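> Attaching a predicted model along with its sequence, questions to come.
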Protein chains: 2
Amino acid sequence: MESSDARRANRAAVLGHLLALGAATRVAIGRATGLSKATVSRVVDELMHDGLVREGGPMSGGGPGRQALALRLAGEDRVVCGVDLGGTHTRFLVTDLGGRVRAWARESTPHDRDAAGIAAWLAGHIGALTGDTAPSATAIGLPGAVHPGTGAVRTVPNLPQLEGTALREALDGLLTGVLAFDNDVNAALRGEVTAGAARGHGTAVLVAAGTGLGAAVHLDGRPLPGRTGGVGEFGVLPHGAGTLEDAISGGGMVRRARERGHAVGDAAEIFAAAANGAGTGLRAVLDEAREALGVLLTAVTVAYEPEVVVLGGGVAPAFGPWLPGLRAALAEVTPRPPLLRPSALGDPAGAIGSWVTALQAVYQGMDVALPDLGGVATTVLKHLTKEDPHVPASPA
Amino acid sequence: MESSDARRANRAAVLGHLLALGAATRVAIGRATGLSKATVSRVVDELMHDGLVREGGPMSGGGPGRQALALRLAGEDRVVCGVDLGGTHTRFLVTDLGGRVRAWARESTPHDRDAAGIAAWLAGHIGALTGDTAPSATAIGLPGAVHPGTGAVRTVPNLPQLEGTALREALDGLLTGVLAFDNDVNAALRGEVTAGAARGHGTAVLVAAGTGLGAAVHLDGRPLPGRTGGVGEFGVLPHGAGTLEDAISGGGMVRRARERGHAVGDAAEIFAAAANGAGTGLRAVLDEAREALGVLLTAVTVAYEPEVVVLGGGVAPAFGPWLPGLRAALAEVTPRPPLLRPSALGDPAGAIGSWVTALQAVYQGMDVALPDLGGVATTVLKHLTKEDPHVPASPA
DNA sequence: GCAATTTGTTTCAGGGTGAAACCAAAGGGG
DNA sequence: CCCCTTTGGTTTCACCCTGAAACAAATTGC
């Protein structure tokens, strides 16, 4: 494996184009990478010797001339797993390295168990979905700040038992392959950037308003993790008597409504009641939320000058009617305001983002840059939204 | 010049160490870069053939053995110029490529001239300071947002005639060499990162409170320019009845004091009067400023999780007594708050930062990464603060 | 003057590449 | 049916770059 510098780069280029194209001939790879036929042949020989590439049958070429042999990545039976571990629900997504969905599931999170119990539960479901082929990489998004270096978890209001490194330690013994953790909002943004509302934009922000309030940031195509994973916690900024999180998040809005004497169950009720001409108290809560959202978007805009800001999370769909007004407000603050869009992936965004992370980990282990996953991810999304909830793992 | 890939890298490595060490022998370069003697000799031959390196006299080596020949960068007579073009004063700094100060000056900005007039004035001073050796690169920091791609200038409240590309176009005809523009706060942060309060920190923020309010950001050692150069305009965030800029900047504080009926000339008077037990009106202005500064620092912290936040600008020294309280407030918001420090370079920070930019441009033209300038920059700073204001250009 | 020591150059083997010559296999026309 | 054309893949060769080692050069100390 200890190849020279040039060799590593060429191996990576060949593998990358093979991943992107699925199957290709040697000359096609040469044309695509700019390498000579000789070099491609040599590199492919080496890769086949290493067991990373295998020769498939003849390619269905139309014209005259010798029939080309298709090359494919060996080990397409390897799979990766993306998990979105939420406070109430957890999504699992298993695909092979080519992005073909093998299985997926959506389950209620057993939030009353301790870290080891949740780890066992996760490992059990992953095992059931992957069958006999253990995933080469598993990425898990969870509702807390994840330290980029150590992977330690902090600030998990919904699942406080996951604080620290307990989950990682327990899962390390239960799963093989690479194991990666990330904040759930970061994961969701990765999903939106790959195949959703931020597709094609290198600099994007996801504002996630659910029970709490969070934001994730991509700059020039790369996530901005921060020193301790706490980037984007704009919710702590003061606003009025409280904070932005108090005003915008579902939890905060419900609290405020109750303080004003309105017995509401969740944020959706507030929006619904206000639409039906309910009392001024609820309307005031919404006015405050809209105003605070404007402040948040302004802060995000001046902080990063993103090309697009995606509004996600459980409360976000209710923000729809405010978008024109918010866009106008942003245009007054900056000459080139960001695009303001609702989430395109919705709830599965986090699982898709984690799945991308897992794929990335595998590709990185092969020294290959991640190819564009947009098309594949869109297919994956269709699986997750249209088909039957449970797809049992089936051998190829 | 069309060397291969490996050759380019080795040329860059050799040039880089030559720049960092000033003068060195072939073997010393080999030890420092990890290259073999043979390779260093070959690369040096090529560089001498290209006229980039020349052989100096014998090196003063003590021990026995053959006397080593010193290698120096040819064209050490080349100079670069950094300029901080402010609303009232302008600083010029000229050094050779080794960082030795050739000349510097501090002049009143002729703010009543148009863009062409200011360009002519700048070119005149630069010409006087550089004499017959035209600068290889000139970098100019100015109080406005500079578009990273086009170099177009926007939002220059102090010097509105510089809006657009007029200054660049006028100067292009008057100066030879590379010409770079940047926001003055960005330049000052570059200075602080190179040799000031943010030295050694890859992720740093400079909050500049002067007539206006601005911020500049470095992430992982690189500036964050944003799409249109507008990153860091946190002053537009609403706070109380106005904005953060209204509350924190010198201009805003004076305006607020006058609204309350106090005839003050500048922000310093407000601080002085309050210290002498003046009326509650001025005290309220200061209380609001302190509170707004806390909000600003919180926003900066959650946006970037910087290792250090530097407070600069004309008003910043007055913030000194507030630092302990601000640190405590930040510690409540985040588990690992950034360091909070006053500017170490003060007013010359912008000129030093622009000078670093100019040096960088020259090095980049030679495919060389900028070596650590900390030591050199500290020497430069001593010149700018201790010696006589005017050092006429003197030939070596 | 001669050994010791350090600097710089030359030589040589090794790894890597692309261009081109060279086999191999398919289709098509007389 | 044979041969020609066309395309895919391999082998050969010249070239570039590097590091290790042998070698030449210069300087100190005895």
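Thanks, I have the structure now. Numbers count the residues shown, from 1 in each chain, chains lettered A, B, ... in the order given.
> Go ahead and report the secondary structure state at A:Ala289.
Following DSSP: H, G, I helix; E, B strand; the rest coil, we place A:Ala289 in the helix state.
> and what of A:Trp322?
A:Trp322 ends up helix, using three-state DSSP.
> Which residues of the stretch 1-150 of chain A lie near DNA strand C?
A:3-4, A:6-7, A:10, A:34-39, A:42-43, A:58, A:64-67 (CB under 7 Å from any atom of the strand). Where C-beta positions appear, they are placed from N, C-alpha and C, glycine not excepted.
> can you rerun that using 6 Å?
Contact residues, the stretch 1-150 of chain A versus DNA strand C (CB under 6 Å from any atom of the strand): A:3-4, A:6-7, A:10, A:35-39, A:42, A:64-67.
> same deal with the stretch 201-350 of chain A?
Going by CB under 6 Å from any atom of the strand, none of the residues of the stretch 201-350 of chain A are near DNA strand C.
> so where's the stretch 201-350 of chain A uncertain?
Along the stretch 201-350 of chain A, segments meeting pLDDT under 70 span A:278.
> What are the boundaries of the strands in it?
In the stretch 201-350 of chain A, strands defined by DSSP state E, counting those that start in this stretch lie at A:204-209, A:213-219, A:222-223, A:238-239, A:242-243, A:308-312, A:339-342, listed in chain order.
> Throw these into CSV and include mean neighbour count, thanks.
Listed next are those as CSV, based on neighbours: other CB atoms under 10 Å in any protein chain shown:
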stretch, mean neighbour count
strand A:204-209, 29
strand A:213-219, 25
strand A:222-223, 16
strand A:238-239, 18
strand A:242-243, 17
strand A:308-312, 26
strand A:339-342, 17
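> So for B:His262, which of those sits nearest?
Ranking the strands of the stretch 201-350 of chain A by proximity to B:His262 (CB to CB) places strand A:238-239 first, at 26.8 Å.
> Determine the set of other helices and strands touching the closest one.
Here strand A:238-239 touches helix A:244-248, helix A:280-304, going by 3 or more CB pairs under 8 Å, 6 or more residues apart in numbering or on different chains; DSSP states H and E.
> Checking A:Gly141 next. Helix, strand or coil?
A:Gly141 falls in the strand class when you classify it by three-state DSSP.
> What strand or helix carries A:Ala120?
Using DSSP states H and E, A:Ala120 falls within helix A:115-130.
> Give me the buried positions along that helix.
A:Ala115, A:Ala116, A:Ile118, A:Ala119, A:Ala120, A:Trp121, A:Leu122, A:Ala123, A:His125, A:Ile126, A:Leu129, A:Thr130 (16 or more other CB atoms under 10 Å in any protein chain shown).
> cool, and stretch A:88-103?
Buried, per 16+ other CB under 10 Å, within stretch A:88-103: A:Thr90, A:Arg91, A:Phe92, A:Leu93, A:Val94, A:Thr95, A:Asp96, A:Leu97, A:Gly99, A:Val101, A:Arg102, A:Ala103.
> residues in contact with A:Ala116?
Counting by CB atoms under 8 Å, 6 or more residues apart in numbering or on different chains, A:Ala116 touches A:Ala166, A:Ala170.
> Distance check, it against chain B.
Going from A:Ala116 to chain B by CB to the nearest CB, to the nearest Å gives 25 Å.
> Can you give me the pLDDT of that residue?
A:Ala116 is assigned 91 on the pLDDT scale.
> Same question for the one 3 residues further on.
In this prediction, A:Ala119 carries a pLDDT score of 94.
> Isn't it up against A:Leu174?
Yes: the pair A:Ala119 and A:Leu174 passes the contact test of CB atoms under 8 Å, sitting 6.1 Å apart.
> quick revisit: quickly check the buried residues of stretch A:88-103 for the two that are furthest apart.
Of all the pairs that those form, the one spanning the most space (CB to CB) is A:Thr90 and A:Leu97, at 23.3 Å.
> Strands along the stretch 1-150 of chain A, start to end?
Counting by DSSP E, counting those that start in this stretch, the strands of the stretch 1-150 of chain A are A:23-24, A:53-58, A:69-73, A:79-85, A:89-96, A:101-108, A:137-142, A:145-146.
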